[in-house]
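Enquirer: My questions concern the predicted model and sequence given below.
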Amino acid sequence: MKPIVFAALAAVLLTASPAQARDTRHEFSLQDLVDSQLARDAGIDGSVRFYLAGQSVSVAKRFGQDIGNRKTNAVNKSDEYACQWAALSVLRAFQEGAKSRGANAVVDIVSYYKKNEFRSTTNFECHAGAIMAGVALKGTYATVN
């Protein structure tokens, strides 16, 4: 009897396909997020400005590039809310990095999720799952006029 049970169990395990985790791609407005009360509550204080790649900005000096990759708990949160928090975490890190370098902006920002660039003059990219949401951004610290 045991060999039959073992064979049946093995057949089920071998034919079962693995579950695929949800990884939903979203785009959200960076400027709307930076201008939000949520951003102010998260410590985005306006001392550093953020410019997506392709946006018109007069750069006086560049201080080097940086990558921020943050994830946040998405359980019981909407994808948009979880993505906002992940993005704000990256922007907070960029804000501190800019201040420590004497910069007043981060320019040429692109989404960089799994090292794949997504460029938009208005939106950042976020990937959300059932448990986590993540945002990766790459940008250059700069002094702008």
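Expert: In hand now; what should we look at?
Enquirer: got any ranges where this protein has weak pLDDT?
Expert: Counting by pLDDT under 70, the ranges of the chain that qualify are 1-20.
Enquirer: Let me see the ranges of the strands in it.
Expert: Applying DSSP state E to the chain gives strands spanning 24-29, 49-52, 59-73, 105-111, 123-128, 132-144.
Enquirer: how about those in TSV, adding mean neighbour count and distance to residue 82?
Expert: Every C-beta, even on glycine, is put in place using the N, C-alpha and C of the backbone. Below are the strands of the chain laid out as TSV (neighbours: other CB atoms under 10 Å; distance: least, CB to CB, whole Å):
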stretch	mean neighbour count	distance to residue 82
strand 24-29	14	10
strand 49-52	20	20
strand 59-73	15	6
strand 105-111	23	16
strand 123-128	23	6
strand 132-144	22	4
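Enquirer: got the contact list for the residue nearest to the spatial centre of the chain?
Expert: In the chain, the centroid-proximal residue (CA atoms, centre = their mean) is residue 135; its distance is 1.1 Å. Contacts for residue 135 (CB atoms under 8 Å, 6 or more residues apart in numbering) come out as 68-70, 83, 86-87, 89-90, 111, 113, 124-127.
Enquirer: try 10 Å
Expert: 26, 28, 68-72, 82-91, 111-113, 124-128 (CB atoms under 10 Å, 6 or more residues apart in numbering).
Enquirer: What are the buried residues along the longest helix along the chain?
Expert: Taking DSSP state H as the criterion, the chain has its longest helix at helix 79-101. By neighbour count with 16 or more other CB atoms under 10 Å, helix 79-101 contains the buried residues 79, 82-95, 97-98.
Enquirer: that older thread, for residue 39, find the nearest of the strands of the chain.
Expert: The closest of these to residue 39 is strand 49-52. By CB to CB, the value is 10.0 Å.
Enquirer: Would you give the sheet partners of the closest one, along with the direction of each?
Expert: The strands beside strand 49-52 in its sheet (DSSP bridges) come out as strand 105-111 (parallel).
Enquirer: All set now, cheers.
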